[in-house]
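**Student:** Have a look; sequence and predicted model below, questions after that.
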Amino acid sequence: MSRLRTFAEALVHLLPPRFQPMMRWRFIKFGLVGGSGTVINIVVLYLAQEHLLRGIADFHTRLNYSIALAITVATISNFYWNRRLTWRDRTRNTPQPALRLFVKYVMAAALSIVIQSLLTKWLAGYLHYIVANLIAIVLASVVNFVANDKLTFRRHRPKAPH
């Protein structure tokens, strides 16, 4: 992991100084977890649509269930890995139970989904919809990262001795 970190930090130093704080190691880990979640989402979507839910005859009904299952599995995976890797230093002594953190994580993800959807629709009026979606994903990811950094996995100051 340290070689990857060294390489990632070297890449960050190539960016203009004003973009460097955003691309710190924690954000890179967040992006890697998000990338793995995307792969998990696609694999689960395929398996559910083509095999697991084959008993549902209507294509669109089956697709709705497949999408719901894929998003659920990817969200749980992303929460687990972000908790274990991205914000590990902040979850060791947190007074919050994992379920409460998960609820906050899902709320941040929901906010990100809304922002991504609205931005994609708005930008698609000016750009190709795939380009619009990619830009929206990047911007929504930043919002998702900040929401999780400041709310879900925020730093807890140790209590002052009495």
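**Tutor:** Thanks, I have it.
**Student:** residue ranges with poor pLDDT in the protein?
**Tutor:** 1, 18-23, 158-162 (pLDDT under 70).
**Student:** Tell me which residues of the one helix or strand Ala10 maps to come out buried.
**Tutor:** Per DSSP states H and E, Ala10 falls inside helix 2-13. Neighbour-count burial for helix 2-13, counted by 16 or more other Cβ atoms under 10 Å, picks out 8, 12. Bear in mind the C-beta positions are built from the backbone N, C-alpha and C, glycine included.
**Student:** Report all helices and strands that it contacts.
**Tutor:** Packing contacts for helix 2-13, counted by 3 or more Cβ pairs under 8 Å, 6 or more residues apart in numbering; DSSP states H and E, involve helix 25-47.
**Student:** Report the secondary structure state of the residue nearest to Leu123 when sequence neighbours are not counted.
**Tutor:** In this structure, Leu123 finds its nearest non-sequential neighbour in Ala132, 3.5 Å apart by Cβ to Cβ, 6 or more residues apart in numbering. Following DSSP: H, G, I helix; E, B strand; the rest coil, the label given to Ala132 is helix.
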